[in-house]
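Novice: how does the following fold in three dimensions:
(chains A and B)
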Amino acid sequence: MSFVFDPYYQGLLIRALGTTIFISVVVIVGSNILALPMAIYMQRPRGRLRGLIIGYSFFARAAPVLALLFALYYGLPRFGIYLDPLPSALIGLTFSSTAYNLEFLRSGYESIAPGQMDAARALGLRPVATQFKVMAPQAYAAASPALFSNAIQMVKGSSLASLVAIDELTAASTTIISETYKALEVLLVIACFYGLIALAVLALQGTYERRQRWISPRS
Amino acid sequence: MVWRINRLVSGRISMTITPLDLALAWMPRLIWAAVLTLGLAAVIFAISAVFGLMLAMTNRDGNKWVRRCIEMFSGFFRSIPELVILFFFYFGGRQLGLQFGPVGSTILAFGLVGIAYDYQVFKGALGAVSNGQFEAARALGLRPWKAYLLVILPQMLPIARKGWITYAIGTIKRISIASAVSVSEIMYVTKQAIAASNAPFLFLSIAVGLYIVIVMPLLVFNERRQGARL
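Specialist: Next comes the predicted model:
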């Protein structure tokens, strides 16, 4: 375990942990923000973009994340687009997780009793208020377990960024292993870091669900 | 000799290689890679379903400490990236003098993660079978294994089906991660093809196409209404 006390490796690990947390937060926040308008749009029985969104969702969920990351990493330079590894990884990871969040939110919206929308209209709420004060809280209450477990999936997915030249935790582990040959120790430390991030997400989920019970004891 | 090689080389260069030629040249290797992906997936599904089910049954009948251990196991393997667990067996095994090899490490790592997830799926499904069924089976004098086989499992599996297939689809895609330890599955061969041909979009499209072909039957089967079963 001596590498843990080496300031060089400490610096490497801390920076890598920072990158992993940065990627996770950007992807979690980004995919949730992008999924919401699409999920709201999908409530319309007829819409021109429905086919497009369904196609996107199917494609993004059928293709492995690694294929998307490779497409951005190896493919974009063919079109003369030179992105740094980090933004291209962020785009790839967000592209894939948005589709999952979209599906969870969609089924969340479908679980809302049909009368809710009419009731909100009858109360004279404006469309924006209806969406954000009546519909969204109920959709999120139904979809939150899936959304939170998907957030942990995104933290785990950030490890794939190591395969497209980003120095996050998993990449740091291979660097340190190749220098110290202490694979088990290094990977245990890395696993602890990931475990702590997952626990943080779970703690957030706990807080959200406690507040949820406080607001509506029935659910 | 030199003249012949020159002719050969210049002949090759003057030939125009269309994307179709490239795709056809790599097709056999890609198909084998898809077969390997499917084979790995089958082994991993079998391991994780059997042990996941056993853990779920143990969890139902076991005491508090057994349950806690199982939950900790499941929580651990669900919160660590598959890539890290894969490295754990691939590099860590070597350190202990155990050579699992790329394919062995892949099966071990994804098998363990699969057990952790399938355990959750089966635990939920067991919980959905009403308690009276367990008691009735016991009242009939059925031995525990017979009670599970004849009474509980037929009721539980339809409930577990959707969650199990959803996770199985994810596993098929996640096996692409094994390309990091040089298992020659679809993504690994795709990467080789890209390196050799410099045609990233062609081969990534083929790879995604292969995944869609593999995943599509499961996806369609899963989207079918639950009521339409049997």
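
Novice: low-confidence stretches in chain B?
Specialist: Applying pLDDT under 70 to chain B picks out residues B:1-15, B:225-230.

Novice: can you list the residues of it near chain A?
Specialist: B:76, B:78-85, B:87-88, B:91-92, B:94-96, B:173-174, B:176-177, B:179-180, B:187, B:190-191, B:194, B:200-201, B:204, B:207-208, B:211-212, B:215-216, B:219 (CB under 8 Å from any CB of the partner chain). For glycine as for every other residue, the C-beta is placed from the backbone atoms N, C-alpha and C.

Novice: now these: which count as buried?
Specialist: Among the residues of chain B next to chain A, the ones that count as buried by 16 or more other CB atoms under 10 Å in any protein chain shown are B:76, B:78-85, B:87-88, B:91-92, B:94, B:173-174, B:176-177, B:179-180, B:187, B:190-191, B:194, B:200, B:204, B:207-208, B:211, B:215.

Novice: what are the boundaries of the helices in chain B?
Specialist: For chain B, helices defined by DSSP state H occupy the ranges B:2-14, B:19-61, B:64-79, B:82-95, B:101-128, B:131-139, B:144-147, B:153-174, B:186-197, B:200-223.

Novice: select, out of the ones you listed, the one closest to A:Tyr100.
Specialist: In terms of CB to CB, the element of the helices of chain B nearest to A:Tyr100 is helix B:153-174, at 9.7 Å.

Novice: what's in contact with the closest one?
Specialist: With contact meaning CB atoms under 8 Å, 6 or more residues apart in numbering or on different chains, helix B:153-174 is reached by A:62-65, B:37-38, B:41, B:44-45, B:48-49, B:82, B:110, B:114, B:117-118, B:121-122, B:124-126, B:128-129, B:133, B:211, B:214-215, B:218-219, B:221-222, B:226, B:229.

Novice: quick one, that helix and helix B:101-128 angle?
Specialist: 140 degrees (axes from the mean of the first three to the mean of the last three CA atoms, to 10 degrees).

Novice: who's in contact with the one residue sitting closest to the centre of chain A?
Specialist: When CA atoms, centre = their mean is applied to chain A, the residue found nearest the centroid is A:Ile28 (3.2 Å). By CB under 8 Å, 6+ apart, the contact set of A:Ile28 is A:97, A:151, A:154-155.

Novice: retrieve the pLDDT associated with it.
Specialist: On pLDDT, A:Ile28 comes in at 96.

Novice: which pLDDT value goes with A:Leu13?
Specialist: 93.

Novice: report the buried residues of the helix or strand where it lies.
Specialist: Taking DSSP states H and E as the definition, A:Leu13 sits inside helix A:7-41. Buried residues in helix A:7-41, counting neighbours by 16+ other CB under 10 Å, are found at A:9, A:12-13, A:16-17, A:19-21, A:23-24, A:26-28, A:30-32, A:34-36, A:38-40.

Novice: likewise for stretch B:166-186?
Specialist: Across stretch B:166-186, burial judged by 16+ other CB under 10 Å covers B:167-181, B:183-186.

Novice: do the same with stretch B:100-112
Specialist: B:100-103, B:105-112.

Novice: pretty sure B:Gln99 is touching B:Gly93, no?
Specialist: Yes: with contacts counted by CB atoms under 8 Å, B:Gln99 reaches B:Gly93, the gap being 6.6 Å.

Novice: residue contacts, the nearest residue to B:Val189 once chain neighbours are set aside?
Specialist: Leaving out its chain neighbours, the residue that sits closest to B:Val189 by CB to CB, 6 or more residues apart in numbering or on different chains is B:Ala33, at 4.1 Å. Shown in contact with B:Ala33 (CB under 8 Å, 6+ apart): B:184-186, B:188-190.

Novice: cool, and B:Leu96?
Specialist: Going by CB under 8 Å, 6+ apart, B:Leu96 touches A:Leu184.

Novice: how about it, phi and psi?
Specialist: Backbone geometry at B:Leu96, expressed as degrees, to the nearest 10, gives phi -90, psi 0.

Novice: next up, the contacts around B:Phe110.
Specialist: With contacts defined as CB under 8 Å, 6+ apart, B:Phe110 is in contact with B:40, B:44, B:48, B:82, B:86, B:171, B:174-175, B:178.

Novice: how much space separates it from B:Arg174?
Specialist: Separation of B:Phe110 from B:Arg174 (CB to CB, to the nearest Å): 7 Å.

Novice: spell out which parts of chain A neighbour chain B.
Specialist: Within reach of chain B by CB under 8 Å from any CB, chain A has these residues: A:59, A:62-67, A:70-71, A:74-75, A:78, A:152, A:155-160, A:162-163, A:170, A:173-174, A:177, A:181-184, A:187, A:190-191, A:194-195, A:198-199.

Novice: quick one: pLDDT of A:Lys133?
Specialist: At A:Lys133, the model reports a pLDDT of 89.
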